[in-house]
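Asks: Just need the structure, nothing else, for what follows:
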Amino acid sequence: MPNSSSISEFLLLALADTRQLQLLHFWLLLGIYLAALLGNGLISTAVACDHRLHTPMYFFLLNLALLDLGCISTTLPKAMANALWHTRAISYTGCAAQVFFFFFFYSAEYSLLTIMSYDRYVAICKPLHYGTLLGSRACATMAAAAWVLAFVPVVSTAALRGCSQ
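Replies: Below is the predicted model of the structure:
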């Protein structure tokens with residue numbers, strides 16, 4: 001008889017063992033989550049609705065707000081559910097999905113922050129060339145590259161993981 005086992009779920013480390021502290025953690029995480037949703041939602045709405053904010057800096061800020069919404073929505077809802085329902089389990093596929101989206105959003109965010117630093121460099125050091133270097137087409141291409149290139153490390157890691165099995 002061969003020895004075989006499969007992993008179907010993981011147990012997460014609980015933030016606290018007492019029910020009162022778990023509820024406190026839930027309310028604190030909910031407050032953080034709602035503040036992040038509200039702040040990034042307001043940024044997105046302001047940039048989308050006000051035509052004076054349709055500049056490269058605010059376009060990148062809009063993308064950063066959307067990425068931040070994705071980042072915080074990857075892990076916090078499960079942590080809040082675990083604190084509220086007094087559970088510690090996460091399925092293997094749920095964990096894999098969280099890791100995938102976590103790395104995707106954060107790598108895209110780092111790429112976008114690099115692009116934003118280039119935007120500020122051009123605005124400060126080459127103000128006369130700003131319009132030609134950072135036109136709407138160039139900004140859209142750079143933002144799309146940040147989103148698309150975020151898949152490269154995640155997919156290559158998953159491919160390497162699949163080859164080793």
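
Asks: Run through the strands of this protein in chain order.
Replies: Assignment of strands within the chain using DSSP state E yields the ranges 9-11, 89-91.

Asks: Would you single out the least confident of these?
Replies: Ranked by mean pLDDT, the strands of the chain bottom out at strand 9-11, which scores a mean of 69.

Asks: Now for residue 94: which residues touch it?
Replies: With contacts defined as Cβ atoms under 8 Å, 6 or more residues apart in numbering, the neighbours of residue 94 are residue 78. Where you see a C-beta, it was placed from the backbone N, CA and C, and this is true even at glycine.

Asks: Mind pulling up the pLDDT for it?
Replies: According to the model, residue 94 carries a pLDDT of 86.

Asks: Equivalent analysis for residue 161, please.
Replies: Reading off the per-residue confidence, residue 161 sits at a pLDDT of 56.

Asks: In the chain, where is pLDDT below threshold?
Replies: When the per-residue scores of the chain are filtered using pLDDT under 70, the ranges that remain are 1-7, 10-16, 153-165.

Asks: Appreciated, that's everything.
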